[in-house]
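Enquirer: Task: produce atomic coordinates for the following.
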Amino acid sequence: MHDSPIINLGGFNIDLSAVLMLLVTGVVVFVLAWLATRNLSVENPSKLQNFMEWVVEFVQGVVSSAMDLKKGKPYISLGLTLILFIFVANILGLPFSVITTVPDGFTVFGQPLVGVKHHEVLWWKSPTADINVTAGLAIVVFILMNYLGLKLNRKHYLKHYIEPFPIFLPLNIIENLAKPIALAIRLFANIFAGEVLISVILKIGFFGVPFLAAWQGFSIFIGALQAFIFTILTMVYIAQTTIHEEEH
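Expert: Numbers count the residues shown, from 1 in each chain. Got it, this is the predicted structure:
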């Protein structure tokens, strides 16, 4: 069993592997976007440019499926960022993992690791296999959708909490709070389960290689699917809070 490299800073437990992998994910997405846009060409576009154009068109389709594209145009960049970031984060743990054995009293930045029981620390993994990461993404979406609802559609946004009758206020509040919880748990559970299964297959040894290859291929599909689901639900939630039903 592998532990996470957690240190305590200012009373907060910081998972260094999650921080590291979030940085790696951000760098990968940035480099991918930079390479795709550095030499733009209409007559002779590169394969990477064609791929990125396809992704942009796909995200436009996702946004238009949740709301009118004229109203959803400001959220295309958000959808593009989410789908690329989450997909890359989902598959980073598939090719390999980095596990080190640490001695007693091992420190990072002068801080001892917290809760290391088995002396084996996992540094490289899919960041979305950590519930704290997916919860952070979900909380950002939750804050954004409610902020936009109050800013762009305040009257009807507040009114929907007491519809169809004021007695439904507690249920509508619970429904709103359940959205980020569902987003976080769905993404985390799928990616975490995939990485657990990979570790189980690896214990089989040589005979597990065909199963590992098949599962890694399937995990790429799952990673893409979960990125799509998270993105489209984000757009649906934004549409629900910002667009009055009479405008559909």
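
Enquirer: okay, CA-based contacts and neighbour counts for the rest of this
Expert: Noted.

Enquirer: now the helices for the protein?
Expert: 16-37, 47-66, 69-72, 76-91, 131-152, 154-159, 169-202, 209-242 (DSSP state H).

Enquirer: contacting residues for the residue most central in space within the chain?
Expert: Most central in the chain under C-alpha atoms, centre = their mean is residue 86, positioned 3.8 Å from the mean C-alpha point. Going by C-alpha atoms under 8 Å, 6 or more residues apart in numbering, residue 86 touches 128, 223, 227.

Enquirer: and which of those is nearest to residue 5?
Expert: Checking the contacts of residue 86 against residue 5 by C-alpha to C-alpha gives residue 128 as the nearest, at 16.1 Å.

Enquirer: So which other helices or strands are in contact with the lowest-mean-pLDDT helix or strand in the chain?
Expert: Taking mean pLDDT, DSSP states H and E as the measure, the chain has strand 98-101 as its least confident helix or strand, at a mean of 81. With contacts taken as 3 or more C-alpha pairs under 8 Å, 6 or more residues apart in numbering; DSSP states H and E, strand 98-101 sits against strand 120-124.

Enquirer: Just the C-alphas of the strand it packs on, formatted as PDB.
Expert: Extracted C-alpha coordinates of strand 120-124, given in PDB (Å, rounded to 0.1, in the frame of the first residue of the first chain):
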ATOM      1  CA  GLU A 120       6.400   3.800   0.300                       C
ATOM      2  CA  VAL A 121       5.300   7.200  -1.000                       C
ATOM      3  CA  LEU A 122       3.400   7.700  -4.300                       C
ATOM      4  CA  TRP A 123       4.500  10.900  -6.100                       C
ATOM      5  CA  TRP A 124       3.100  10.500  -9.600                       C
END
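
Enquirer: what is the orientation angle of that strand with helix 16-37?
Expert: Interaxial angle, strand 120-124 versus helix 16-37 (axes from the mean of the first three to the mean of the last three C-alpha atoms, to 10 degrees): 20 degrees.

Enquirer: any idea of the mean pLDDT in strand 120-124?
Expert: Per-residue pLDDT over strand 120-124 has a mean of 84.

Enquirer: by contact count, what packs against that strand?
Expert: Judged by 3+ C-alpha pairs under 8 Å, 6+ apart, strand 120-124 is in contact with helix 16-37, strand 98-101.

Enquirer: These into JSON lines, with extra columns for mean neighbour count?
Expert: Below are the helices and strands packed on strand 120-124 laid out as JSON lines (neighbours: other C-alpha atoms under 10 Å):
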{"stretch": "helix 16-37", "mean neighbour count": "17"}
{"stretch": "strand 98-101", "mean neighbour count": "13"}
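
Enquirer: Which of the ones you listed comes out lowest on mean pLDDT?
Expert: strand 98-101 (a mean of 81).

Enquirer: still on that earlier bit, quick one, which of the helices of the chain is nearest to residue 107?
Expert: Among the helices of the chain, if distance is taken as C-alpha to C-alpha, the winner is helix 16-37, at 11.9 Å.

Enquirer: I'd like the distance from the closest one to the chain centre, please.
Expert: Centre-to-centre, helix 16-37 and its host chain are 13 Å apart (C-alpha atoms, centre = their mean, to the nearest Å).
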